[in-house]
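> Provided below for reference: sequence and predicted model.
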Amino acid sequence: MKKKIRNALITFIIIILLLLIAKVAVEKNAPVRVEDIRSMDDITTIRLAVEYSGCEYIREKKSEDKDFNKDIYIKLGKDLYTGDTKNKMFFTQLVKYVAKGNNYLNFRLADEEKKILIAVICEDGKILKTYINGDNNYYRNEDSRRALANYVDIIPLDININSYDTDSTNVEVKKIQGKVFNAVFNKEYDEEILDGITTGTSLEEVKQVLGTPHFYDEYKNVIGYKLTNNYIFFSDANISVYGNYEYDYVEFENLIAKFQEDFDIKSFVSGITDIWLDYDYYRYNSNYVELVYTLKGIKIQFGNVNNNGVTIYNNYKGEIKEMQNGVHLEIDKDFVFEYELKKHR
């Protein structure tokens, strides 16, 4: 009797163990669900990556482009922008998850309805480059394009800045190559400068005359306006006026094109100083060069800096409006305003 009980118990234990082993095997082989994902390690397929990112998976196939492993068709959960707000984080996460699901092989994501194509280059288990509709710097360039498109209308007023061509007791003048670069009127200057405005006019009164400022820095309490031929900035300390001159950028842009072919820094910088002597800052040594044309909206730097090359600002009036090799866009920043703010500590 005892032997029968023992055998029955052993049989029962074996059955339980077999059931547990079967359960573990089933769970192990069961497909992972989106709701089960707890970390990047849980993302094992492209479909999981897409759905975990909040998008709808449609299909995938071998890419028609030999440089890519897969073409993946999806319905994106968000647009590139929602109004003026960019959804950069959403797309960064999407690319990161799909790269993991595709074992870090090159791939393309396509939303045919939204006409968005994202091409991703991977190398050594990492994302190397991401192109959104062919642009490796999509958000930076799009922000710049939007800033340029929404830029304020110039106020049709003028100040004959070159009539103040020498320093006086209450006016400090900086000239470059015979033209007034900047004229600063201190609080003792009591004559009208523009449209009834004097150095004694409060900032609130200035706004009533000229409208909403084009430029404003709350911390330094500086406001400014772009006029037809001038910039004018108001602060508690003074009124600062710059020339808003017209320039011919054709030769400069020809030098840019040549530089992109030969990358000869010395020849490039020398060519620019030959055509434009009116730089407001030029410093160089054997390892570094910085050349600045504030009123033209151009800064050139080579050496131990982040943005080696040419930086183009909002007040640039030439034809370069897109990022190029060696050309950086800061179209959301006006170089004259940036220069003015540096004077206010």
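Received it, and whenever you're ready, just let me know what you need. Numbering: from 1, shown residues only.
> Do you have the helices of the stretch 151-300 of the chain handy? List them.
Assigned by DSSP state H, counting those that start in this stretch, the helices in the stretch 151-300 of the chain fall at 203-210, 250-262, 265-275.
> model confidence over the helix or strand where Val120 lies, on average?
Following DSSP states H and E, one finds Val120 within strand 116-123. Computed over strand 116-123, the mean pLDDT rounds to 95.
> what does stretch 298-307 give?
Here the average pLDDT along stretch 298-307 is 84.
> Ends of it, what's the gap?
Its first and final residues considered, stretch 298-307 spans 13 Å by CA to CA, to the nearest Å.
> And the contacts of that stretch?
For stretch 298-307, contacts defined as CB atoms under 8 Å, 6 or more residues apart in numbering pick out 252, 265, 269, 272, 287-293, 308-313, 316, 328, 335. The way it works is simple: take the backbone N, C-alpha and C, and place the C-beta from them, glycine included.
> Show me which positions of it end up buried.
Ile298, Lys299, Ile300, Gln301, Phe302 (16 or more other CB atoms under 10 Å).
> ok, now stretch 73-86?
Here stretch 73-86 shows Tyr73, Ile74, Leu76, Leu80, Lys86 as buried, counting by 16+ other CB under 10 Å.
> Any chance of CSV for the residues you listed, columns pLDDT?
Below are the buried residues of stretch 73-86 laid out as CSV (pLDDT from 0 to 100):
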residue, pLDDT
Tyr73, 97
Ile74, 96
Leu76, 96
Leu80, 94
Lys86, 88
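> Ala49: which of the buried residues of stretch 298-307 is nearest?
Proximity of the buried residues of stretch 298-307 to Ala49 (CB to CB) peaks at Gln301, which lies at 39.8 Å.
> The closest one and Tyr288, how far apart?
8 Å (CB to CB, to the nearest Å).
> Poorly predicted segments of the stretch 51-200 of the chain, please.
Residues of the stretch 51-200 of the chain meeting the criterion pLDDT under 70: 144-158, 164-167.
> quick one, strands of it?
According to DSSP state E, counting those that start in this stretch, the stretch 51-200 of the chain carries its strands in the segments 56-62, 70-75, 81-82, 85-86, 107-111, 116-123, 126-132, 171-176, 179-186.
> so can I have TSV of those strands showing distance to Tyr282?
Shown next, in TSV, are those (distance: least, CB to CB, whole Å):
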stretch	distance to Tyr282
strand 56-62	55
strand 70-75	50
strand 81-82	39
strand 85-86	36
strand 107-111	45
strand 116-123	39
strand 126-132	35
strand 171-176	11
strand 179-186	14
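> Of all the ones you listed, which one is nearest Thr11?
strand 56-62 (47.0 Å).
> ok so, going back, ok, the buried residues of stretch 73-86 vs Glu204, which is closest?
Lys86 (33.8 Å).
> Is the closest one bridged to anything, and to what?
Per DSSP bridges, the residues bridged to Lys86 are Tyr81.
> ok, now which ones touch it?
Leu80, Tyr139, Glu142, Asp143.
> so the third one makes contact with Leu80?
Yes - contact status for Glu142 versus Leu80: in contact at 7.5 Å, counting by CB atoms under 8 Å.
> What residues are bridge-paired with Gly309?
Beta-bridge pairing for Gly309 (DSSP bridges): Gln301.
> Tell me which residues of stretch 44-56 come out buried.
Buried residues in stretch 44-56 (16+ other CB under 10 Å): Thr45, Ile46, Arg47, Leu48, Ala49, Val50, Glu51, Tyr52, Ser53, Cys55.
> In TSV: the helices of the stretch 151-300 of the chain, plus mean neighbour count.
TSV is the format used below for the helices of the stretch 151-300 of the chain (neighbours: other CB atoms under 10 Å):
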stretch	mean neighbour count
helix 203-210	14
helix 250-262	14
helix 265-275	15
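> ranking these by mean pLDDT, which is last?
Across those, helix 250-262 gives the lowest mean pLDDT, at a mean of 90.
> just checking, what packs against that helix?
helix 265-275 (3 or more CB pairs under 8 Å, 6 or more residues apart in numbering; DSSP states H and E).
> hmm, back to that, what is the orientation angle of the strand holding Val120 with strand 126-132?
160 degrees (axes from the mean of the first three to the mean of the last three CA atoms, to 10 degrees).
> Same question for strand 116-123: list its buried residues.
The neighbour-count check on strand 116-123 (16+ other CB under 10 Å) flags Ile116, Ile118, Ala119, Val120, Ile121, Cys122 as buried.
> and the nearest residue to the second one once chain neighbours are set aside, how many neighbours does it have?
Take Ile118 and drop its neighbours on the chain: the residue closest to it by CB to CB, 6 or more residues apart in numbering is Leu109, 4.2 Å away. Residue neighbour count, defined by other CB atoms under 10 Å, stands at 26 for Leu109.
> surely Ile272 meets Tyr249?
No - in this structure, Ile272 is not within contact of Tyr249 by CB under 8 Å, at 11.1 Å.
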